[in-house]
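Peer 1: Mind folding the following:
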Amino acid sequence: MGSFFSTMFTPPPAADDPNSAVVAVHSKAAWDEQWEAHKAASSKLMVIDFSASWCGPCRFIEPAFKEMASRFPDAVFVKIDVDELAEVARTWKVEAMPTFVLAKGGKEVSRVVGAKKDELERKISMFISSSSS
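Peer 2: Here you go, the predicted model:
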């Protein structure tokens, strides 16, 4: 019964929502393809959400992450489940969830560890505006 009540307050993850601007990556090959496309469009910001299905704070911030993806069309928003793609998470040295990595030009430019919506939004705005100047 506890899980019933927790789902009332923390909606289950829905990263594969076809109406979402967030790209859910489920394989190393799909990640490699996304990353290569990002490097080719070097001035475009990529926001990578490293999360886990069992992580409460990840589920809590997911609606805000999706909302930011629809509000910032000049950035690419990607979601990676650390249990599904542990190798990718290790490459990025992810040690806590959620971790949001902001990358530009094939390099990490910033990161936010934790469900810190305001900080994430501020950094996204900052890096998007710096690419349009």
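Peer 1: can you tell me which residues contact the one residue sitting closest to the centre of the chain?
Peer 2: In the chain, the residue lying closest to the centroid (Cα atoms, centre = their mean) is Asp49, at 2.1 Å. Taking Cβ atoms under 8 Å, 6 or more residues apart in numbering, we find Asp49 in contact with 22, 58, 65, 77-80, 98, 100. All C-beta spots, glycine's among them, are computed from the backbone N, C-alpha and C.
Peer 1: Recalculate using a threshold of 7 Å.
Peer 2: Each residue near Asp49 by Cβ atoms under 7 Å, 6 or more residues apart in numbering is listed here: 65, 78-80, 98, 100.
Peer 1: between those residues, which has the most around it?
Peer 2: Ile80 (27 neighbours; other Cβ atoms under 10 Å).
Peer 1: Is that residue part of a helix or strand, or is it coil?
Peer 2: strand (DSSP: H, G, I helix; E, B strand; the rest coil).
Peer 1: With pLDDT and distance to Phe127 as extra columns, can I get the contacts of Asp49 in TSV?
Peer 2: Below are the contacts of Asp49 laid out as TSV (pLDDT from 0 to 100; distance: Cβ to Cβ, whole Å):
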residue	pLDDT	distance to Phe127
Phe65	97	16
Val78	97	15
Lys79	97	18
Ile80	97	19
Pro98	98	18
Phe100	98	12
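Peer 1: Quick check: bridge partners of the residue nearest to the centre of the chain?
Peer 2: Beta bridges link Asp49 to Lys79, Phe100, judged by DSSP bridges.
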